[in-house]
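1. Have a look; sequence and predicted model below, questions after that.
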Amino acid sequence: MPAAQFRKAFRRSPALQREMYRYIFTLMAQISQTAACNRFHVVETRLARWLLMTHDRVKSDRFRMTHEFLGHMLGVRRVGVTKAAQALQKRNLISYSRGDICVLDRKGLEAAACQCYEVVKDMHDA
């Protein structure tokens, strides 16, 4: 949809305005929560959070993510992702090999994640 057409529809529709403002508020809150999480929580709990969020969105126990991508998302070097993934694997929560991830124990992964997962999930579900 061209931007001009969207702006016109936005001005005319209080319902569209409410949904857009709600979306923007939720997005900003999630960004803020993620920034705080990356600052204060250890890599392993952040990785568990990120994997749960991905699991929620792809609706599959298996998905693909590289160490490089996860490192960017978690704000750490690839070696940090490797150590965190190994720790989660050792606890039989995930299997991880060359970017292929399988969630083996969803409940265990939820327990391993920081509380930020629930905060962001609640925002997303609202």
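-> Sure, I can see it.

2. make it CA atoms for all contacts and neighbour counts henceforth
-> Will do.

3. Now the helix or strand of the chain with the lowest mean pLDDT: buried residues?
-> Least confident helix or strand of the chain, by mean pLDDT, DSSP states H and E, is helix 116-125 with a mean of 82. Buried positions in helix 116-125, judged by neighbour count with 16 or more other Cα atoms under 10 Å: Cys116, Tyr117, Val120.

4. Identify the residues contacting Asp61.
-> Asp61 makes contacts with His55, Ile101, Cys102, Val103, Leu104, as judged by Cα atoms under 8 Å, 6 or more residues apart in numbering.

5. rerun at 7 Å
-> His55, Cys102, Val103 (Cα atoms under 7 Å, 6 or more residues apart in numbering).

6. What are the contacting residues of stretch 24-37?
-> Contacts of stretch 24-37 (Cα under 7 Å, 6+ apart): Cys116, Val120, Met123.

7. For this structure, which segments count as strands?
-> In the chain, the strands defined using DSSP state E lie at 62-64, 94-97, 100-103.

8. Now do the helices in the chain.
-> Ranges of helices in the chain, per DSSP state H, are 3-12, 14-40, 43-58, 67-74, 78-90, 106-112, 116-125.
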